[in-house]
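1. coords below, sequence missing:
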């Protein structure tokens, strides 16, 4: 009897194994939550409008900001205060227009990453370019940016 139960269980499992890739493909085919990229776009919209309330609305209270660049041929890492960033946006006298290109969005459960090339304009003048990396967390209130890291350079900024 025990062998019969084991054989039946193995047979049932054997029937399900071929379906496993279909389930995985369906989950992948659905793709990441579109609200992830919408949240990042809301951050840029708030920057353009110099709207610190809207900017804080997309940032988690623990959000961090890190910038990398190269100076005199050496890599430089700067960690910045998110409060200082938000204050700078609010105090700007010209539009801060960050434009992104070909964003890649990855998500697993409540964690998402957006990797994208960008150009940054102050008013109508190109300031710099590079890549942004956003980490987002899906909270009860929706997606929140928990970390921003970027590279910055002044050459090779063609869109």
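-> Now that the structure is in, tell me what you want to look at. The shown structure was predicted, so the numbers you read here are calculated from the model rather than taken from an experiment.

2. When you work out contacts or count neighbours from here on, use the C-alpha atoms and nothing else.
-> Noted.

3. Could you chop this structure up by domain?
-> Following automatic domain parsing, one finds the domains of the chain at 1-30, 32-151.

4. Spit out the contact partners of residue 110.
-> 137-139 (CA atoms under 8 Å, 6 or more residues apart in numbering).

5. err, residue 32, not the other one
-> Contacts of residue 32 by CA under 8 Å, 6+ apart are 105-107.

6. Now with 10 Å, please.
-> 105-109, 112-113 (CA atoms under 10 Å, 6 or more residues apart in numbering).

7. which stretch in the domains of the chain is the model least sure about?
-> Lowest mean pLDDT within the domains of the chain: domain 1-30, a mean of 46.

8. the strands in the chain, which residues?
-> Along the chain, counting by DSSP state E, strands occupy 59-71, 74-80, 96-108, 111-122, 125-139, 142-151.

9. which stretch among those comes nearest residue 88?
-> With respect to residue 88, and counting by CA to CA, the nearest of those is strand 96-108 at 10.2 Å.

10. Just want the angle from the closest one to strand 111-122.
-> Per axes from the mean of the first three to the mean of the last three CA atoms, to 10 degrees, the angle that strand 96-108 makes with strand 111-122 is 170 degrees.

11. What helices and strands are in contact with strand 96-108?
-> helix 34-49, strand 111-122, strand 125-139 (3 or more CA pairs under 10 Å, 6 or more residues apart in numbering; DSSP states H and E).

12. Paired strands for that strand, with orientation please.
-> Take DSSP bridges as the rule and strand 96-108 pairs in its sheet with strand 111-122 (antiparallel).

13. Now, of the contacts of residue 32, which are buried?
-> Buried subset of the contacts of residue 32 (neighbour count, 16 or more other CA atoms under 10 Å): 105, 107, 112-113.

14. May I see the residues you listed organised as CSV, with distance to residue 52 added?
-> Shown next, in CSV, are the buried ones among the contacts of residue 32 (distance: CA to CA, whole Å):
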residue, distance to residue 52
105, 25
107, 27
112, 23
113, 23
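
15. picking up where we left off before, can you name the two of the contacts of residue 32 that sit furthest apart?
-> Maximum distance among the contacts of residue 32 (CA to CA): 13.0 Å, for 105 and 109.

16. between the two, what contacts are shared?
-> With CA under 10 Å, 6+ apart, residue 105 and residue 109 have common neighbours 32-33.
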